[in-house]
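K.L.:
how would this look folded up:
(2 chains)
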Amino acid sequence: MSETELIYRLQSTDPEAFRFFYDTYHKLVMTVCFKFCGNREDAEDILQEVFIQVHKSVQSFNGDSKLSTWLYKISVTKSIDFIRSKNRKKRFGILKSLFSEDTEEEIIASPGSNPSGSVEEKERLDVLMKQINTLPENQRIAFTLSQIDGMSYKEISEIMKTSNSSLESLIFRARQNLKKKLSNYYENNL
Amino acid sequence: MERNKHIDHEVEKTLNVLKEAEVPEPNPFLYTRLMNEIEKRKTGRTSSKLNISFAYGVAMALLIVLNTFSLIYYIDTDTNVTGNRKEYISELVDEYAINYKSEF
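P.N.:
Numbers count the residues shown, from 1 in each chain, chains lettered A, B, ... in the order given. Predicted coordinates:
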C-alpha cells in the first residue's frame, strides 16, 4: 500500500488501514517512546496515546511532511507530555509524603522494568535517564532522538523545526552536560 | 589518575547505553487494548457531548421560564399599582372633598 493510499484510507476511517498502519509503524513509535522513558510499561502507555492521537487527528494531516515524520512528532510530544506529568506526580508525591505519617511509603518510582537487557544495562540506563531528565527540554529531545538508530540529523531538524547547525550544537551541549553530570554521579558512587 | 580514567570509562559507557539499548517488543495484545481505549474514549466523548447538550438545553429552558415569570410578575404588579393609584386618588378626592371642577 502506498503512503498516499494509506493516508486516504486512514482518513476514510478504514479499520484495515489503521491495523496496517499500526503493524507498519508500532516498532518505530515504540523505539521513540522507549528512548524517552527508558522502560517498557511507560513506553506502551505512550505508544497507546500516540495511536489514539493519530486516530483522532489523521483527518487534519495534509501530507506536507512524510507520515513517519508526523508520527515522530506526535511520539515526541506525547513522550515529553508523559514525562512532565510523571514528574508532576513525583513532586506531588513528595509533597504528600511531607504531610503524611506513613514515611515508609516509596514515592518515586524507579524508571521501571525492562525485561530485555542485562541488569548492568538496566542500571546504566536508569542512571542515564535520571540525568537526561535534568537537561533542558530541547537538549533532551535532540540528544534522545540522536540515539535512535537510522534517524538522520535532517529528520531530527524537521521534527524539532530547527536548523542543522543549531541541532548539532544542541546535541553537543547535551553530551557535554551529561558528561559533567555523569562524572559527578560516578565520583560520588564509585 | 586511575580512578579518573575509570570514571571517564564509566561515563562513556553510560552515555552510549541508550543508543545500544535493546528496544522491547510491545505486548502482542496492545492493539486490542488500543482499539478498546479508542472505543471507550469515543463513547465517553459522545456521552459527555450529550450531557453538555442536555445541560445547555435545561439551562436555556430555565432561563426562558424565569424570564416569562418575571415578565408576568412585572405586568401583574404594574396593573395592580395602576389600579391602586386610581383608588387612592379617588379616596383622596372624597376625603378632602376636592372638586377638580373648582373655580380654578
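
K.L.:
for residue B:65, give me phi and psi.
P.N.:
The phi and psi values for residue B:65, taken as degrees, to the nearest 10, are phi -60, psi -50.

K.L.:
an error on my part: the question was meant for residue A:151.
P.N.:
Main-chain dihedrals, residue A:151, degrees, to the nearest 10: phi -90, psi 120.

K.L.:
surely it and residue A:145 touch.
P.N.:
Yes. Using CB atoms under 8 Å, residue A:151 is in contact with residue A:145, at 5.9 Å. Bear in mind the C-beta positions are built from the backbone N, C-alpha and C, glycine included.

K.L.:
with neighbour numbers in mind, choose between these two.
P.N.:
A count of neighbours by other CB atoms under 10 Å in any protein chain shown puts residue A:145 above the other of residue A:151 and residue A:145, at 23 against 18.

K.L.:
near chain A, anything from the lowest-mean-pLDDT helix or strand in chain B?
P.N.:
Within chain B, confidence by mean pLDDT, DSSP states H and E is lowest for helix B:30-95 among all helices and strands, at a mean of 84. Yes. Applying CB under 8 Å from any CB of the partner chain, one finds that helix B:30-95 is in contact with chain A at B:30-31, B:33-34, B:37-38, B:41.

K.L.:
need those residues in CSV with neighbour count, can you?
P.N.:
As requested, the residues of helix B:30-95 next to chain A are exported to CSV (neighbours: other CB atoms under 10 Å in any protein chain shown):
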residue, neighbour count
B:30, 18
B:31, 17
B:33, 13
B:34, 22
B:37, 15
B:38, 16
B:41, 13
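
K.L.:
could you export these as JSON lines, including distance to residue A:28?
P.N.:
Converted to JSON lines, the residues of helix B:30-95 next to chain A look like this (distance: CB to CB, whole Å):
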{"residue": "B:30", "distance to residue A:28": "14"}
{"residue": "B:31", "distance to residue A:28": "15"}
{"residue": "B:33", "distance to residue A:28": "19"}
{"residue": "B:34", "distance to residue A:28": "15"}
{"residue": "B:37", "distance to residue A:28": "20"}
{"residue": "B:38", "distance to residue A:28": "20"}
{"residue": "B:41", "distance to residue A:28": "23"}
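
K.L.:
picking up where we left off before, overlap of the contact sets of residue A:151 and residue A:145?
P.N.:
Residues touching both residue A:151 and residue A:145 (CB atoms under 8 Å, 6 or more residues apart in numbering or on different chains): residue A:72.

K.L.:
so how far is chain B from residue A:34?
P.N.:
For residue A:34, the distance to chain B equals 5 Å [CB to the nearest CB, to the nearest Å].
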